[in-house]
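Undergrad: Sharing a sequence plus its predicted fold:
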Amino acid sequence: MALLLNALPKIRKPDNSPFISFEPGSSERIRLQQEIENLRSKDKDNPEILPLWINGPVVTDQTAPCIVPHDFKRELARYCEAREEDVNKAIQTVLEARERWSQIPWPMRLFIFQRAARLLEKKYLIPMVAAVMEDYSKNPYEAFIDVQELIDFLNFNCYYAYKIYREQPDSNTDTFNMLDYLPLEGFVFAVPPNNFIAINGNLASAPLIMGNVVVVKPSEDVVYSCHLFLKILLEAGLPKDVLAVINGDEKMIGEIALSHPELSGVHFTGSTETFELISKYVADNLSRYRGYPRIVGETGGKDPLLVYDDHNPVETAAAIVVGGFGAQGRKCSSTSRVYMTDDMWGKIKPIVDSFLREIKVGDVGDFRNYLGAVINENEFRKIKDFISKSRNDWTIKKDVIRMSGGIFHNIYGWFVQPTIIVTTNPDYPTMQKEIFGPVVTICILSKERFEKEVRSICNQTSSYGLTGAIQVEDMLTFCEALQELRYVAGNIYNWKTTGAMVNAQPFSGGRKSGTNSKVGWHLNLRQWVHPRTISLTYVKPTEFEPPYLSR
């Protein structure tokens, strides 16, 4: 029997999790360095085995390594790979748990995730930051703000759920009306990417917060930190059977999950190509499903920065470096194409060059390094191919007029130095294609062409529509650019293209960048409920005639 509560408790609006700098000599820095050392001193001959999670740990015979990108000969652990029967069992398990999970009073359900946020902010903060540094090859700053965002997702999503539940229609003298926000009928399939623990955690937890059951398939590149988050959820009181975690062959897992008649939703972040395959698979199988699955996805970006001549060149240079090279440029919001005049480039170039000379690339455990490694060999090769092609074009004076950086090696990790490509061709391949690495292309236009065409060029160059930035002091020009570029970016700024904060800048975009569901706000959570209107009449009529009828 479900617990009955005669209460309408208030959920406190949270604050964003406080920032920690890990500055030299701080206790947090000392603890973080010790935690990294602990991870690296594990017994290499007896690696930890990370099981599947299907109402408890499930160990399989087939395992694969959790590889450290900046030291790819080292394994954090080994994870179990699912068989077909494991995937089917995972789906069946969460479906069987659905009814019980939906009967938990919503304040108790939200408490689980509020508690998880508190555990992550206090007990597990340093271990998770260290895990993200090793798993994703992020420097301490990038790793911390990633974990910080996950804490904020958990806290604010609970608050948003409360706000949604209390949003009710009007009643009147004849009827008492309400909206009952039910979870979806079936299970949600969560497919997170390999660049943010915050996204990994949010894709699974957002539907759970709204009372759904979830099967999640983490990226094979970052299984270690995902399992640490699972541990935190379980410690916070999450029932063992409402979330299943399966690793392994993504094609096999995807086909089984996406073809299941009880699929009610897909929560996805990853490549545009994969999202289109998922969408097509669901469309081709619509007749199989009980209802129409919700498909919520964020994909790639080719995020522009427009720089007008009246902008401060130092601020522009900082925006290019921070926006383009933070976390190795492995953010879908990373600044990747920049437009400016030749005069402006002349002012910015020496400042950018000075910044780049200061940037060190290497092991993120060495706190002198600003960049770590890219996530895997496949991504490394893609980035290397773009750089090599551009270097060749520079050599033969074809479109590329300047290059800086562009050095890469894979001796012990997949390292790429920050790279700036300068072109006069707005349609140059690196101005159009997502690279997902530390590569920024700057397009130099004549002053006349910049003033007349830059917004039109920016609007037409890329199929993406995620983030962007407009750097100009004149507010009228800024507003004109905002209007003309209204579909170029779901998030647009006046400095850099990155840095959305939960509850401050709801994040996502349109065009080929996704369904613009705005994570970090209440709009995303509304995707995971089935609103049912209930209307109760106080005094039911006993006659059928309307007043106008005459007898």
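TA: Arrived safely. This structure is a prediction, so every number in the text was calculated from the model and none was measured.

Undergrad: Domains of the protein: list them as residue ranges, please.
TA: 27-299+514-534, 303-493 (automatic domain parsing).

Undergrad: chain center to the first one: distance?
TA: What it means is domain 27-299+514-534. Relative to the centre of its chain, domain 27-299+514-534 is centred 11 Å away, using C-alpha atoms, centre = their mean, to the nearest Å.

Undergrad: Can you get me the start-to-end distance on that domain?
TA: 55 Å (C-alpha to C-alpha, to the nearest Å).

Undergrad: ok, now the last one?
TA: Across domain 303-493, the straight-line distance between its terminal residues is 11 Å, by C-alpha to C-alpha.

Undergrad: buried residues in the longest helix along the chain?
TA: In terms of residue count, the longest helix belonging to the chain (DSSP state H) is helix 140-166. Residues 140-162, 164-165 are the ones in helix 140-166 that count as buried (16 or more other C-beta atoms under 10 Å). (Each C-beta comes from the backbone N, C-alpha and C, glycine too.)

Undergrad: contacting residues for the closest residue to Pro47 other than its chain neighbours?
TA: Sequence neighbours aside, Arg78 is the residue nearest to Pro47 in space, at 4.9 Å (criterion: C-beta to C-beta, 6 or more residues apart in numbering). Arg78 is in contact with Pro47, Glu48, Ile49, Leu50, Thr63, Ala64, Pro65, Cys66, counting by C-beta atoms under 8 Å, 6 or more residues apart in numbering.

Undergrad: Quick check, the second one in contact with Thr63.
TA: What that stands for is Glu48. No: between Glu48 and Thr63 there is no contact under C-beta atoms under 8 Å: 10.7 Å.

Undergrad: Among those two, which residue is more densely surrounded?
TA: Thr63 (18 against 14; other C-beta atoms under 10 Å).

Undergrad: What ranges does the stretch 451-551 of the chain have for its strands?
TA: 464-465, 467-471, 491-493, 510-511, 529-537 (DSSP state E, counting those that start in this stretch).

Undergrad: can you tell which of these is closest to Lys231?
TA: strand 529-537 (27.7 Å; C-beta to C-beta).

Undergrad: for the most centrally placed residue in the chain, helix, strand, or coil?
TA: Computing the C-alpha centroid of the chain and ranking residues by C-alpha atoms, centre = their mean puts Ile199 first, at 3.8 Å. Here Ile199 is recorded as helix under DSSP: H, G, I helix; E, B strand; the rest coil.

Undergrad: and the closest residue to Leu536 other than its chain neighbours, what does it touch?
TA: The shortest distance from Leu536 to any residue other than its chain neighbours is 4.5 Å, reached at Phe176 (C-beta to C-beta, 6+ apart). Phe176 makes contacts with Ser535, Leu536, Tyr538, as judged by C-beta under 8 Å, 6+ apart.

Undergrad: State the distance from the last one to Arg532.
TA: By that I understand Tyr538. 20 Å (C-beta to C-beta, to the nearest Å).

Undergrad: Walking through the stretch 1-150 of the chain, point out its strands one by one.
TA: For the stretch 1-150 of the chain, the strands defined by DSSP E, counting those that start in this stretch cover 49-50, 52-53, 57-58, 63-68, 71-80.

Undergrad: confidence score at the residue lying closest to Glu23 once chain neighbours are set aside?
TA: Nearest residue to Glu23, sequence neighbours excluded (C-beta to C-beta, 6+ apart): Arg29, at 6.6 Å. Note for Arg29: predicted pLDDT of 97.

Undergrad: With Ala373 instead?
TA: 98.

Undergrad: Same check on the one 4 residues further on?
TA: Taken from the predicted model, the pLDDT recorded for Glu377 is 97.

Undergrad: gap between it and Ser404?
TA: 25 Å.

Undergrad: From Gln33, how far out is the closest residue in space to Glu121 that isn't next to it in sequence?
TA: Nearest in space to Glu121, with sequence neighbours left out and distances taken as C-beta to C-beta, 6+ apart, is Ile151 at 5.1 Å. Taking C-beta to C-beta as the measure, Ile151 falls 22 Å from Gln33.

Undergrad: ok so, going back, with distance to Ser17 as new columns, can the domains of the chain be given to me in TSV?
TA: Below are the domains of the chain laid out as TSV (distance: least, C-beta to C-beta, whole Å):
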stretch	distance to Ser17
domain 27-299+514-534	4
domain 303-493	18
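
Undergrad: Just the helices from the stretch 301-450 of the chain, written as ranges.
TA: Counting by DSSP state H, counting those that start in this stretch, the stretch 301-450 of the chain has helices at residues 313-325, 342-358, 377-395, 429-432, 447-461.

Undergrad: which one of the ones you listed is the most hemmed in?
TA: Highest mean neighbour count of the helices of the stretch 301-450 of the chain: helix 313-325, a mean of 22 (counted as mean count of other C-beta atoms under 10 Å).

Undergrad: Now do it: which elements does it pack against?
TA: If you count contacts as 3 or more C-beta pairs under 8 Å, 6 or more residues apart in numbering; DSSP states H and E, helix 313-325 packs onto strand 303-307, strand 335-341, helix 342-358, strand 439-445, strand 467-471.

Undergrad: re earlier: closest one to Asn16 among the domains of the chain?
TA: Asn16 lies closest to domain 27-299+514-534 among those, at 5.4 Å (C-beta to C-beta).

Undergrad: so what's Thr537 closest to, chain neighbours aside?
TA: Thr175 (5.4 Å).

Undergrad: try Asp135
TA: In space, and not counting its chain neighbours, Asp135 is closest to Ser225: 4.4 Å by C-beta to C-beta, 6+ apart.

Undergrad: For Val214, pull up the helix or strand it's in.
TA: strand 213-216 (DSSP states H and E).

Undergrad: Remind me what that strand packs against, helices and strands.
TA: helix 84-103, strand 187-191, helix 197-209, strand 243-245.

Undergrad: Point out the one among the ones you listed that comes closest to Phe229.
TA: Here helix 197-209 is closest among these (C-beta to C-beta), at 5.1 Å.

Undergrad: buried sites along the closest one?
TA: 197-209.

Undergrad: and what of stretch 166-186?
TA: Quick answer for stretch 166-186 (16+ other C-beta under 10 Å): Tyr181, Pro183, Leu184, Gly186.

Undergrad: Next: stretch 73-81.
TA: Buried residues in stretch 73-81, counted by 16+ other C-beta under 10 Å: Arg74, Glu75, Leu76, Ala77, Arg78, Tyr79, Cys80, Glu81.

Undergrad: So for the fourth one, what's the pLDDT?
TA: To tie it back to what came earlier, the one meant is Ala77. For Ala77, pLDDT reads 96.

Undergrad: Any figure for the gap between it and Leu50?
TA: Counting by C-beta to C-beta, the gap from Ala77 to Leu50 is 5 Å.

Undergrad: do the same with the last one
TA: When distances are taken as C-beta to C-beta, Glu81 and Leu50 turn out to be 11 Å apart.

Undergrad: same deal with the third one?
TA: Using C-beta to C-beta, one obtains 9 Å as the distance from Leu76 to Leu50.

Undergrad: hey, what's in contact with both of the two?
TA: Both Leu76 and Leu50 are contacted by Cys66, Tyr224, under the criterion C-beta under 8 Å, 6+ apart.
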